Every structure is written in structure tokens, then in C-alpha cells.
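A.B. asks: Here is a sequence together with a model predicted from it:
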Amino acid sequence: MNSLIAHSLDALAAWRAGVEARVGPLARELAEQDLLDDRCGAALEALRERLASDKLVLAFVAEFSRGKSELINAIFFADAGRRVLPATPGRTTMCPVELRFDATVPPRLALLPIETRSRGLSLAELRSREEHWQQVPLDPTQPQTLVQALAAVTHTQRVSVQQAAALGLWSEAQPEDNPPLLPDCSVEVPAWRNALVNYPHPLLERGLVVIDTPGLNAIGAEPELTLGLLPSAHAVVFVLAADTGVTRSDLAIWREHLGQASLERFVVLNKIDTLVDPLASAAEVQAQIEQQRQQAATTLQIPSRRVFALSARDALAARVDGDARALETSRLPPLEQALATELLPHRREMLLHSAVAVLEQLRASATGRLADRRRQHAEQLLELRGLRGKSSTKTRLLAERVDAEAADFERCTGRLTALRAVQMRLQHTALAALSSEALRTELAAMKSAMASRPFNLGGRAAFEALIGRLHQALASAGAQAEELRQMLQASFDQLNTEFGYVLVLTPVPPLLPFQAELDMIAKNYGRYLGLSQAWRMAAPGFAEQFRRLLLSKLRVVFENAAGELEQWSKAASSQLEVQLRERRRAFARRRETLQRVQSAAGELEQRIAEVQAQEEHLHRVQSHIETLADDALAAARRSTAGPAASRHDLHLQRDAA
């Protein structure tokens, strides 16, 4: 692939590989030196997994016959020399199609029958249940098999009106959205509910995920598309027709599903080739295109720089023919430039923030533990040097003092046991409000409140009350966690003073991001609870599917919040375990040294030399870890400016390996 997006994805992939190539040696060194506690180990593993498998999700949304699939073909799949996604007249995508690559799964097309809608299971729940899907193997050596297999997404089937209503694809309350009634009183509905394509295409291998969504009727009928799939995309490309501009149905999609400013949105005015008029000059045609572009930006209330007028059909033909001049005339490159320069750098910045936070955490933890070990060595050296010229009686007395100090130190174990008990009790209290059981109880309360009103007309009030209670639950968990922090801080201060610990307590993880996620869920789901959507909530199975989806989304938020708090609490107790273990080792080493000095007169100087060598080794380890951490941070902050940078980073990766 030789497109701007391909180059940018190459640069992003090379950057991730370059960071991983530097994180790997740091991780190995920390593990070899026993400097990875549970929290740092978990954070490091999560970072490495994210660097290895991070995906860039790009969703394409449009009404029927806007040329959306043709645009996807032109941007991503022109190297196949043909249309990969069906884009011929009269044939359209009837179900959401997700194209990605997972090396652990064989190349295949997975199709979910439309009948699964009647079972009340969400797409997320069905993803892991392969028995519900029809699998079509794909041969990467025969690209035409992908084209032939994907033709299935255009398939439909005839069902009765009653069956269509049971599937949520027919509503007497909204007749304008219903499919046409055929002469035999049946209706045509999609054959499939969802299509997942796993294929080793170069761009998909680089971490790109492309989502091709069906038109307005299917989006409205499948709430999971707008409640889960589109909000999770990193960017959305909304496709309009240049000859019609923003139609009423286009505006409905935009306002209901894409209006939130939190989405990265790009708008395409496709089919500018239809505006070519033999009776108008080229300048007049260009003026008309520009007028349509500005009007679309005004109607959708977005900056005009995010609206691109182009011809996907001409761009695909130009790419297949290798005609650079025709490609420029199609006006596709500016859209690709925008995606490459605005979307991908933003994604890199998010990964950079995560990488820097984890690397700084690793360095701080390792530095603290090495400082504690070096302090213990310094104390031991001072002790041993003080034995020079002393009698065996002095050595024996010093050994007895070490035993007394060790016994005195062991007094803290009882206090640690009590501290753990109080910590676990407060932690359980803090996490109780974030449990799945509590969440299901709250959803049941909302369901009861909605059922008490005819046609679910009390749904919005019940939903808003639910969101309010969930906000309070997060706030309560945060308050309980702060109480736990205060207790731990007081206990740590005492342990540091009385027993020489160097315990440091980090602040409680902020729960504001989860409050923001809860607000986003409230905004996305709340639109289905107004009077205009009451008919949809009354459709068979829709309300239950709505609650299932809502529960799954809320569970993710609450489980992540609970995980943050639990990991923070675990890290605090892990410090105690690590420092207790290392202090016991230090006492054992001191006792062993004094015993060896007592048994042999020449042992003292040898032992002093050994401790000095250990101290020098720790100094070298600390310097090496600092260098490795600096290298990893430098790799993370390295620019991903273009293909040259990509090749440079790939060389670095191979050198490090």
C-alpha cells in the first residue's frame, strides 16, 4: 500500500514496536533484580499488551446509496484491483461489517443470522459464542474469495410481518421506516445481523479496524450499533451525496447518533462526478461543489475543514489504473491527509501518555527499592567496619544486638496483621457499591419503575434516577477509598518511624473519568427514552435488549473503577510484604556475617569486601535501570513523522532484539 494512511499506520506501528523494543530490556532487568511488585508488573504487562495489539477503529456511516462502501474500497482496498466490499447499484450493505485481523484466528467471514435478534442476546454476548455464527473460510492467497464471500452481506430474506415485528424490524407506530410490503404480504429483511471479517490485509495487519455500517433503518433497529459500536470508534466518517447535500434522513442520523462532539468526525460529500454539467464551465461546477460543502458544514455545525467533497468511484478507478493525476482530480487525497495527520497523531498521544505514566511508575518504584537496599548495605558496612580491631566478645555482643533488633522488628507483624484486616474491611466497603450485584439491583429498580407506567412513559425519569444513584455510588466509593487512604497513611507513618520502613502511599485513583464515562452512557442511552422513541421501547424484545446492553456498559465502567481502587489498595499492601521480606533478608545477612566473623578472624575484611561489592553492584544496577528507562522514554517521545522515521524505528527494534 502506498497511501498516506498506510504510511501513517506504518509510522504508528513502528513507533509502538520501537517502544516495545526498549520496554522489553527494562522489564527483564527489573525482573532479574526482583524489583517488580504486583502493581508494577500488572501495569507493565498491560502496557506491553496494548503496544502489541492496539487497534485503530474507523467507522463509516451513511444512508443507503451514498457510496460509503465504494469510499472504503478506494481508501483501503484498491490494491486488490477490484471492489472488495459490494458497491454496485442495487446492492447495499444490509448488516454491520467489521474488518480486522487477529493472527490467533484463521482467515474467515463470520455471519450472525438475523434470527438471533429474537433471543434477546446482544452482539457483545454473541461474539464469544461461535455456535451461533456461520463461518466461511477465506484463502489469503486467493483475494477473490474475500470479494465473493462478502457478497453475503447484501443478502436478504422474506419473512411475514409478524416475524419482522418480532425481530424489531417492523413497527406500526413508525410506518415510514418499515420495509415495503410485498405482493404476498411478506417483507424483505437482512439475512444477517452482523458480519466479522478476519483477513490478513496489510492495513488490517497494521492494527486498522474498519466498520461498515448499514443505513438508517438498520442503525435504528440495532441499538448496539449506536450504543456500543459507534461510540467506541476512534473516528467516524459520515458520507453524504454531493448532489443532494444533507437530506432529512441524513440529518436524522447525524443528530441522533453522531452529534456528540466527543466523536472525531469527518464528513464526505461523495459523488461529485454527478455534478459535472456539460452546459456549465469547470469553474461553475467547482463553485457549486464548494457551495454544497460549506452548506453541509453549516447544517451539521462542524468546521468546514472537516467536510471533504470527492468522488470515491473515480478515486478507486484511478488507484486501480495507477493514474496519479486522476486520483488528484477525484479529491480523495485531502481526506486521507486529514485522517493521517489529525487522527493518528491523536492516537499516538494517548498511547504516549500511557507509556510515559507506566515507565515513570516503574522507575520510581525501582529507585525506591534500590535506595532501601543500599541504605541497608550502608548500615551493614558501618557495623562491620566498627568491628575492626575489636575482640570476639564485641562481635558476639553485636550479634546479640542484631538478634534483639530482629526480634523487636518482628513485633510489627502483629500490627501488620491488624492493619491488613482493617484495610480489607474498608476496601470491601468501598467496592461494595461498585459490585455487579449492586448494579443488577439498580437496573432491576429502574425496570420496576418503568413497568409501573404504561408504554414505558416513565422511562426517562427512571433512567435519570438510576444515573443519579450510580453517580452517588461512585462518589461513595471514592469517599470510602479516601478514608482507607487516611488510615493507611497514619499507619505507614507509624511503621516508618518505629520500624524503619520506607512506605510511600500514592493518592487514591481519581474516579472523575468514570463519572465522565457514566455521563456519556447517560447521553447515548437516554435518547431512547424520550417520547419520540417510546414506540421503539415498546417493540418486542427491544426494552430487554436495551437493559442488557445498558448493564454490560455500566458493568465495564464499574468493574474498571473497582479494579483501579483494588489495584491501588493491593499496591499499598504489596509494599508492606516486599519491605518486610527484604528487611528479614537483611537481618539474616547481618547475622550470617557476624557468625562468619566470629568463626574466622580473617573473615571480617573478606565480608566487608563482599558488602562493598554488593553496594557497587546495586549502584551499577541503578545506573543501568536509569539508562534503560531513559531509552524507553526517549523511544516513546520519538516523532512518528513519516516513513523514514518508521524504517529507523524498525531498525532499532531489530537491533534491540
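C.D. replies: Thanks, I have it.

A.B. asks: what helix or strand is Q163 on?
C.D. replies: Taking DSSP states H and E as the definition, one finds Q163 inside helix 161-166.

A.B. asks: can you give me how far the very next helix or strand once past that helix is from the chain middle?
C.D. replies: Using DSSP H and E, the helix or strand that follows helix 161-166 in sequence is strand 186-190. Counting by Cα atoms, centre = their mean, to the nearest Å, strand 186-190 is centred 37 Å from the centre of its parent chain.

A.B. asks: Specify the next element, helix or strand, located C-terminal of strand 186-190.
C.D. replies: Downstream of strand 186-190, the next assigned helix or strand under DSSP H and E is strand 192-198.

A.B. asks: quick one on the thing from earlier: list the buried residues in the helix holding Q163.
C.D. replies: Of the residues in helix 161-166, 161, 163-166 count as buried by neighbour count, 16 or more other Cβ atoms under 10 Å. Bear in mind the C-beta positions are built from the backbone N, C-alpha and C, glycine included.

A.B. asks: swap in stretch 485-493?
C.D. replies: Burial within stretch 485-493, assessed by neighbour count using 16+ other Cβ under 10 Å, is assigned to 485, 488, 491-492.

A.B. asks: Go ahead and name everything in contact with that stretch.
C.D. replies: Applying Cβ atoms under 8 Å, 6 or more residues apart in numbering, the contact partners of stretch 485-493 are 415, 419, 422-423, 426, 501, 503-505, 507-508, 572.

A.B. asks: export those residues to a markdown table and tack on distance to T441?
C.D. replies: As requested, these are arranged in a markdown table below (distance: Cβ to Cβ, whole Å):
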| residue | distance to T441 |
| --- | --- |
| R415 | 37 |
| L419 | 32 |
| V422 | 27 |
| Q423 | 26 |
| L426 | 22 |
| Y501 | 41 |
| L503 | 37 |
| V504 | 38 |
| L505 | 33 |
| P507 | 30 |
| V508 | 25 |
| A572 | 30 |
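
A.B. asks: Weed out the non-buried ones from the residues you listed.
C.D. replies: When the contacts of stretch 485-493 are checked for burial by 16+ other Cβ under 10 Å, the buried set is 419, 423, 426, 501, 503, 505, 508, 572.

A.B. asks: which element is the spatially closest residue to the fifth one that is not a sequence neighbour on?
C.D. replies: Put plainly, it is L503. With Cβ to Cβ, 6 or more residues apart in numbering as the criterion, L503 has its nearest non-adjacent residue at 4.1 Å, and that residue is F492. Following DSSP H and E, the helix or strand that holds F492 is helix 459-499.

A.B. asks: So what does the closest residue in space to L362 that isn't next to it in sequence have for phi and psi?
C.D. replies: Counting by Cβ to Cβ, 6+ apart, C40 is the residue found nearest to L362 once chain neighbours are left out, at 5.5 Å. When read as degrees, to the nearest 10, the backbone of C40 gives phi -70, psi -40.

A.B. asks: so who does C40 touch?
C.D. replies: Neighbouring residues of C40 by Cβ under 8 Å, 6+ apart: 30, 361-362, 365.

A.B. asks: before we move on, back to that, tell me which of the buried ones among the contacts of stretch 485-493 is nearest to A586?
C.D. replies: Y501 (12.3 Å; Cβ to Cβ).

A.B. asks: I'd like the mean pLDDT over the longest helix along the chain, please.
C.D. replies: Among all segments of the chain classified by DSSP state H, the helix with the greatest residue count is helix 542-599. Helix 542-599 shows a mean pLDDT of 80.

A.B. asks: What residues sit buried inside the helix or strand just after that helix?
C.D. replies: The C-terminal neighbour of helix 542-599 among helices and strands, as given by DSSP H and E, is helix 603-637. Going by neighbour count (16+ other Cβ under 10 Å), the buried part of helix 603-637 is 603-604, 607-608, 611, 614-615, 618, 621-622, 625, 628-629, 631-633, 635-636.

A.B. asks: for this protein, what helix or strand is lowest in average pLDDT?
C.D. replies: Least confident helix or strand, the chain: helix 643-656 with a mean of 40, by mean pLDDT, DSSP states H and E.

A.B. asks: How about A433: what's its closest non-neighbour residue?
C.D. replies: A433 sits nearest to A473 (Cβ to Cβ, 6+ apart), 4.1 Å away.

A.B. asks: how far away is that neighbour from L529?
C.D. replies: 20 Å (Cβ to Cβ, to the nearest Å).

A.B. asks: one step back: mind picking the lowest-pLDDT entry from the buried ones among the contacts of stretch 485-493?
C.D. replies: Confidence by pLDDT is poorest for Y501 among those, given 79.

A.B. asks: Surely that residue and L419 touch.
C.D. replies: No: taking Cβ atoms under 8 Å as the contact criterion, Y501 and L419 are not neighbours in contact, 11.7 Å apart.

A.B. asks: overlap in contacts of these two?
C.D. replies: In terms of Cβ under 8 Å, 6+ apart, Y501 and L419 are both contacted by the residues L576.

A.B. asks: what helix or strand does E98 sit in?
C.D. replies: Per DSSP H and E, E98 falls inside strand 97-100.

A.B. asks: Partner strands of that strand, with direction?
C.D. replies: Take DSSP bridges as the rule and strand 97-100 pairs in its sheet with strand 192-198 (parallel), strand 208-212 (antiparallel).

A.B. asks: Turn the ones you listed into CSV, including mean neighbour count, mean pLDDT and distance to E400.
C.D. replies: Compiled in CSV, the strands paired with strand 97-100 are given as follows (neighbours: other Cβ atoms under 10 Å; pLDDT from 0 to 100; distance: least, Cβ to Cβ, whole Å):
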stretch, mean neighbour count, mean pLDDT, distance to E400
strand 192-198, 23, 90, 70
strand 208-212, 22, 89, 68
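
A.B. asks: Kindly reformat these as TSV containing distance to L47.
C.D. replies: Putting the strands paired with strand 97-100 into TSV (distance: least, Cβ to Cβ, whole Å) gives the following:
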stretch	distance to L47
strand 192-198	25
strand 208-212	20
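
A.B. asks: Quick check: which of the ones you listed is nearest to E264?
C.D. replies: Among the strands paired with strand 97-100, the nearest to E264 by Cβ to Cβ is strand 208-212 (13.7 Å).

A.B. asks: got a list of contacts for that closest one?
C.D. replies: By Cβ under 8 Å, 6+ apart, strand 208-212 touches 5, 9, 55-60, 68-69, 72, 76, 85, 93, 96-100, 204, 229, 233.

A.B. asks: now that strand, how far from the chain's geometric center?
C.D. replies: Centre to centre, stretch against its chain (Cα atoms, centre = their mean), the figure for strand 208-212 is 15 Å.

A.B. asks: Done for today, thanks.
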